[in-house]
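J.: how would this look folded up:
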Amino acid sequence: MLRASGIVCSKSRRGDCWDNAVAESFFSTHKSDLSLDDPGLTPELARAPVSDYIDHFYNPQRRHSTLDYSSPIEYELKYKVHQQST
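T.: The predicted structure follows:
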């Protein structure tokens, strides 16, 4: 079904579960931090709170262990400064 739709599956070899670990962590955190349990909530209505969560909390504030306990924005800024100094 994926191939017929022109989609490449992102799964890696058997037993190598780390490829999607960061994305899975995001969705797990998202589900626990942001309650979207309203059965009448449509994807269109969910867009605003999800975007707000990503733009105003997850990227600028939330610390990530995979990023040396920096937020994604802090980590990206550190990377850019490092690139400019080398």
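
J.: middle-most residue in this structure, spatially?
T.: What sits nearest the mean C-alpha location of the chain, by C-alpha atoms, centre = their mean, is Phe26, with 4.3 Å.

J.: what residue ranges in this protein score low on pLDDT?
T.: 10-19, 36 (pLDDT under 70).

J.: redo that, cut-off 90
T.: Across the chain, residues meeting the criterion (pLDDT under 90) sit at 1-50, 53, 58, 64-67, 86.

J.: Give the next helix or strand downstream of the host helix or strand of the residue nearest to the centre of the chain.
T.: For Phe26, the enclosing helix or strand under DSSP states H and E is helix 21-33. Elements were assigned by DSSP H and E; along the chain past helix 21-33, the next helix or strand is helix 43-53.

J.: quick one on the thing from earlier: now do the helix holding Phe26 against helix 43-53, angle only.
T.: 100 degrees (axes from the mean of the first three to the mean of the last three C-alpha atoms, to 10 degrees).

J.: residues in contact with helix 21-33?
T.: Residues from elsewhere that reach helix 21-33, judged by C-beta atoms under 8 Å, 6 or more residues apart in numbering: 50, 53, 57-58, 62, 66. C-beta coordinates here come from the backbone N, C-alpha and C atoms, glycine included.

J.: Centre of the chain to that helix, how far?
T.: A distance of 7 Å separates the centroid of the chain from that of helix 21-33, by C-alpha atoms, centre = their mean, to the nearest Å.
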